[in-house]
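Visitor: Okay, here's the prediction I keep looking at, along with the sequence it came from:
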Amino acid sequence: MRVNDRIHAREVRLIGADGTQLGVMPLQQALELAESQGLDLVEVAPQSNPVVCRIMDYGKYRYEQQKREREARKRQRTTVVKEVKMSPNIDEHDFQVKLRSAERFLREGDKVKCIIWFRGRQIIHKELGRKVLGRMAEALAEVGKIERPPTMEGRNMSMTLAPKADQR
């Protein structure tokens with residue numbers, strides 16, 4: 001934003017500090033008017049003809065703007081992807097432990113990447129891995145939805161689950 005002496009237009013449409021239209025006037029007159037009030041002349045619409053300027057306390061305006069940006073950053077949440085690793089021949093109790101972990105992650109608002117890692121000749125039985133991931137997705141249906149269905153990545157099969165919108 002251009003302020004005070006940095007404005008290059010000859011004529012400006014002026015808006016007062018209280019928001020009233022003061023009309024079109026030469027730049028020098030608008031600068032004097034702003035200075036007499038102890039405020040700054042700020043260019044708000046440089047693309048219009050004539051350029052629209054406003055009389056305001058620019059320092060206070062920038063402070064308020066930075067405060068709003070800080071507040072927005074504070075509310076922003078970064079997406080975290082947690083991993084749950086299993087083998088295709090996982091035992092029932094181990095599966096339940098992994099299931100509870102994944103459910104906790106989803107309830108906290110994180111995404112969960114379920115990975116089945118195949119060792120040695122287990123790679124032949126990909127349907128077993130798909131079956132385990134299907135059980136996991138079915139068990140977590142109320143707290144999460146499948147974001148990426150099961151796919152092979154080298155010797156691993158993975159599926160990504162995202163928390164449901166009403167869980168956050």
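Guide: All right, it came through fine.

Visitor: For the rest of this, base every contact and every neighbour count on C-alpha atoms.
Guide: Noted.

Visitor: Next one: Leu106 from Lys113, what distance?
Guide: As for Leu106, its distance to Lys113 is 11 Å (criterion: CA to CA, to the nearest Å).

Visitor: what about Arg62, which SS state?
Guide: helix (DSSP: H, G, I helix; E, B strand; the rest coil).

Visitor: my bad, should have said Cys53
Guide: Assigned with three-state DSSP, Cys53 falls in the strand class.

Visitor: for Leu14, same thing?
Guide: Of the three states, Leu14 takes strand according to three-state DSSP.

Visitor: Check Ala34 too.
Guide: Look at Ala34: counting by three-state DSSP, its state is helix.

Visitor: so what's it scoring on pLDDT?
Guide: On pLDDT, Ala34 comes in at 88.

Visitor: Same check on Asp166?
Guide: Per-residue pLDDT puts Asp166 at 69.

Visitor: Kindly report the same for Ala45.
Guide: Turning to Ala45, the model gives it a pLDDT of 85.

Visitor: Tell me how many other residues surround the residue nearest to it when sequence neighbours are not counted.
Guide: Spatially, and ignoring its direct neighbours in sequence, Ala45 is nearest to Val52 (5.0 Å; CA to CA, 6 or more residues apart in numbering). Per other CA atoms under 10 Å, the neighbour tally for Val52 reads 20.

Visitor: thinking again about what came up before, look at Leu106 and Lys113 and report which has more neighbours.
Guide: Shown here are Leu106 and Lys113; by other CA under 10 Å, Leu106 has more neighbours (24 against 20).

Visitor: for this protein, what spans make up the helices?
Guide: For the chain, the helices defined by DSSP state H cover 27-36, 58-75, 92-107, 126-139.

Visitor: Which of those helices sits closest to Ala9?
Guide: With CA to CA, the closest approach to Ala9 among the helices of the chain belongs to helix 27-36: 6.8 Å.
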